[in-house]
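>>> here you go, sequence then predicted model.
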Amino acid sequence: MLRRFLAAALLALALAGYASADYLLIVINLNAKDPSKEDSDQPKGGMGGGSQPLVPPMGKGGGSPMQPMGDKDKSKADEDADDVPDLVVVVVEVEPIMKVKEPAKMFNQSKMWGDFRHKLAPPRGKVDPKIDLPNKGWFYEATILEESAGKPLKTAADLFAERKKEVLKEKPLAQKVVHDVALFALKLGLVDECAKVMDDLAVSDKDNSAVKAYLAVKAELEKPVADKEVKWKEKLLDGYKASSLDKHHFVLLHPSTLNDKDVEPHLKQLEKSFRAYYYWWACKGVALPMAKERQVAVLTEARQKFTDLKSKLTAGPVVADSFFASREATSVFSRERGDEHYKKLVRYTNDKYWQVESPYDRHKLLTGQAGSGVPTSDKKGNKLRLQDRETLAKIPRIFALTMRALEHEWEQTSLTHQASRQMLYATKQLPRNVHAPEWIQFGVGSLFESPLQSPWPTIGAPNPYWLPRFLEAHKDVADASAVALLKKVVTDGYFREKTKEGKDKEATSKAREANLRKARAASWALTYYVACAESGDTPKYLGNLQRYFKELSRQPRDADLDEKTLWACFTRAFDLDSDEKVKNFANAWIRYVQGAPQEARAIHKKINELHKKMNTPPPKKEGGNTGGNSPLLPPMMK
């Protein structure tokens, strides 16, 4: 009975102990000017002689914040933060281990060093990944994200535990548990927790439509899965091998230089996305048909191989250095992150620290082992004391953590996005040989992805990356413009637009990227509306979305669909048979997205604050130094 489920669930909550954790927002300004040096604008890594600028030791104030760009860069103040490759942003989950009350408040407000434990250490070896970080420096700022002043942003685990306890104490009906607990777990990326909730509900209420759908899906997931023959593998992937995990639904083709352990995290994330897709639909009362063969994915190591496959397969648009080829039913991922922000950070840090024969090792710097990953002697061959080696590690450790976090988030975004696109076809919602519009493919991928610059995955929830970008692009939308926006999204108008080529290649590239972001933000927003809008606790348009898939499935094979056809498919599926209905639908869509909760809005707000700060020239002071005093670390032994 439901009473037994509630008792068991409440007991589990009482016994569960989630480790304390916070989300650390790291922002680096690669173009900051070192105020302590007349002729230098970059931090120096060097092995000896001279000192390294950073921030004061823990407990001492006076550190100067991130410095702005020089006068020649004032014009960049009006740029979108997304267009500035000098501004590197990442969110890292950490466990504060400072022995102080309210560590978030102390760290954010006291110009102090903080001690943390992170989860980004190299996977091999027994390590305690501790790291000490300053909250401010002339090229860098770190902030523990807060809901309000002094109150850290709650972790996904804490939010779920609170919600579950709150809902279950009221002895709710099964459908409320599905809606408010199981689906909420997915919104936080807690896929296994969703399954546990549904398993417990199945003991007490097998007649609930969502529970029925879940049990049907669960039974199919437990059946053996067959391997799929990849006919083009021998021709295009010479030297690649296949890896898979027992009872998992993806096979990953990868260079034979990587072993099964190297790719196991990729396979586990693909399986997690596979199950999340089925669970989400099941919680909505829909048991999707199960894929009978393992889904195929490819992980390339060399950039050239990724480019080569993109040209030879029926590749869709690249998202986070990955794409889905619908005809071959294959997702392809690059092992290298290739966006301009990351590449600029790589160039910058390679020049300072990671040269081929450099004694600095960015992986060892993250292990938590004191003095590891830095030179053991100075330029004259004198052995360095542990204290001096730790001093040397300060700046490069910040870069090492940032680089690893950037790589991890990119990997998670690409895996979750493309796996979800792939599920559209694996579940027969769309046929492989129909040219489905990009808006719905990207929209579904972004609805189930782990977004960039986000503290957690957001399966079926407001996307912390795309929501603020949509709201910024469409601040004032009137009736007519809402209808025009709807038509532009549905007919792939944004994706069809060509950016005007100008003489300034950099400006043209930025304009192209800005248009693409606008297209993708709007695609996510419309998909979020039709998939998640509700009437009470009942999906409002999910049935129409399924009809839309069927409308697209009836279109001619291997043919591009024009704007008239795409609009007709959408309006038929959503019963928009008059101008008045179209207008009402468009306005309701905008209002729904504008009212979406933004649990992680602190991230986007902080990024814009720091972007504005880095582009605001400092007040000029007598003596020629406009940057203020920058504290220095102790000089190295000579």
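Looks like it arrived, so ask away. Being a predicted model, the structure only gives us computed values, none of them experimental.
>>> now Ala149: how far from Glu102?
Per Cβ to Cβ, to the nearest Å, Ala149 is found 11 Å from Glu102. All C-beta spots, glycine's among them, are computed from the backbone N, C-alpha and C.
>>> neighbour-wise, which of the two wins?
In this view Ala149 and Glu102 are compared by other Cβ atoms under 10 Å, and Glu102 has more residues nearby, 14 against 9.
>>> nearest residue to that one in space, please, no chain neighbours.
Gly150 (6.2 Å; Cβ to Cβ, 6 or more residues apart in numbering).
>>> which ones are touching the one you found?
Shown in contact with Gly150 (Cβ atoms under 8 Å, 6 or more residues apart in numbering): Glu102, Ala104, Lys105.
>>> try 10 Å
By Cβ atoms under 10 Å, 6 or more residues apart in numbering, the contact set of Gly150 is Glu102, Ala104, Lys105, Met106, Asn108, Gln109.
>>> any shared contact partners between Ala149 and Glu102?
When Cβ under 10 Å, 6+ apart defines a contact, the residues bordering Ala149 and Glu102 alike are Asn108, Gln109.
>>> which non-adjacent residue is nearest Ala426?
Here the residue nearest Ala426, using Cβ to Cβ, 6+ apart, is Ala291, at 4.1 Å.
>>> quick one, phi/psi of the one you found?
phi -70, psi 130 (degrees, to the nearest 10).
>>> please apply the same query to the one 4 residues further on.
For Gln295, the backbone dihedrals (degrees, to the nearest 10) come out as phi -80, psi 150.
>>> please, where are all the helices along the stretch 351-500 of the chain?
386-426, 438-447, 466-473, 479-490, 493-496 (DSSP state H, counting those that start in this stretch).
>>> quick one: those as CSV, columns for mean neighbour count, distance to Ala559 and mean pLDDT too.
Formatted as CSV, the helices of the stretch 351-500 of the chain follow (neighbours: other Cβ atoms under 10 Å; distance: least, Cβ to Cβ, whole Å; pLDDT from 0 to 100):
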stretch, mean neighbour count, distance to Ala559, mean pLDDT
helix 386-426, 22, 17, 94
helix 438-447, 24, 15, 98
helix 466-473, 21, 30, 90
helix 479-490, 18, 18, 92
helix 493-496, 16, 16, 93
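>>> quick check: next helix or strand after the helix or strand bottoming out on mean pLDDT in the chain?
Scoring the helices and strands of the chain by mean pLDDT, DSSP states H and E places helix 2-15 at the bottom, with a mean of 37. Sequence order places strand 22-29 as the next helix or strand after helix 2-15, per DSSP states H and E.
>>> packing partners of that next one?
strand 87-96, helix 103-109, strand 113-118, strand 140-144, strand 146-148, helix 340-352, helix 386-426, helix 601-614 (3 or more Cβ pairs under 10 Å, 6 or more residues apart in numbering; DSSP states H and E).
>>> hmm, back to that, take the helices of the stretch 351-500 of the chain and write them to CSV, including distance to Leu145.
Conversion of the helices of the stretch 351-500 of the chain to CSV gives the following (distance: least, Cβ to Cβ, whole Å):
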stretch, distance to Leu145
helix 386-426, 14
helix 438-447, 22
helix 466-473, 14
helix 479-490, 31
helix 493-496, 31
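>>> among the helices and strands packed on strand 22-29, which comes closest to Gly502?
Of all the helices and strands packed on strand 22-29, it is helix 340-352 that lies closest to Gly502, at 18.3 Å by Cβ to Cβ.
>>> could you tell me the angle between the closest one and strand 22-29?
70 degrees (axes from the mean of the first three to the mean of the last three Cα atoms, to 10 degrees).
>>> outside of helix 340-352, which residues touch it?
With Cβ under 10 Å, 6+ apart, helix 340-352 has contacts from 28, 30-31, 42-46, 82-90, 139, 321, 336-338, 354, 356, 358, 360, 362, 395-396, 398-400, 402-403, 406-407, 410, 509-510, 513.
>>> the residue nearest to Asp308 when sequence neighbours are not counted and Arg421, how far apart?
Closest residue to Asp308 apart from its sequence neighbours, by Cβ to Cβ, 6+ apart: Leu236 at 7.6 Å. Leu236 sits 20 Å away from Arg421, going by Cβ to Cβ.
>>> may I see the buried residues of the helix or strand Val177 falls within?
Using DSSP H and E, Val177 falls within helix 174-177. Neighbour counts using 16 or more other Cβ atoms under 10 Å place Ala174, Gln175, Val177 of helix 174-177 among the buried residues.
>>> phi and psi next, for the closest residue to Leu313 other than its chain neighbours.
Distances taken as Cβ to Cβ, 6+ apart place Ala325 nearest to Leu313, at 3.8 Å, with adjacent residues excluded. When quoted as degrees, to the nearest 10, the phi and psi of Ala325 stand at phi -100, psi 110.
>>> thought Ala325 was touching Val296?
Yes - in this structure, Ala325 is within contact of Val296 by Cβ atoms under 10 Å, at 9.5 Å.
>>> what residues are shared contacts of those two?
Shared contacts of Ala325 and Val296, counting by Cβ under 10 Å, 6+ apart, come down to Ser331, Val332, Gln422.
>>> who touches the first one in this structure?
I take that to be Ser331. 250, 252, 270, 295-299, 316, 322-325, 414-415, 417-422.
>>> which SS class is it?
strand (DSSP: H, G, I helix; E, B strand; the rest coil).
>>> show the pLDDT at it.
Confidence at Ser331, expressed as pLDDT, is 97.
>>> excluding its backbone neighbours, what's nearest it?
With sequence-adjacent residues excluded and distances taken as Cβ to Cβ, 6+ apart, Ser331 is closest to Gln418, at 4.0 Å.
>>> quick check: end-to-end length of stretch 178-189?
End-to-end distance for stretch 178-189: 15 Å, by Cα to Cα, to the nearest Å.
>>> buried residues of it, list them for me.
Neighbour counts over stretch 178-189 (16+ other Cβ under 10 Å) mark Val178, His179, Asp180, Val181, Ala182, Leu183, Phe184, Ala185, Leu186, Lys187, Leu188, Gly189 as buried.
>>> okay, the shared contacts of Ala325 and Val296 in TSV with distance to Asn463 next?
Listed next are those as TSV, based on distance: Cβ to Cβ, whole Å:
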residue	distance to Asn463
Ser331	20
Val332	23
Gln422	19
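>>> no further queries at this time; thank you.
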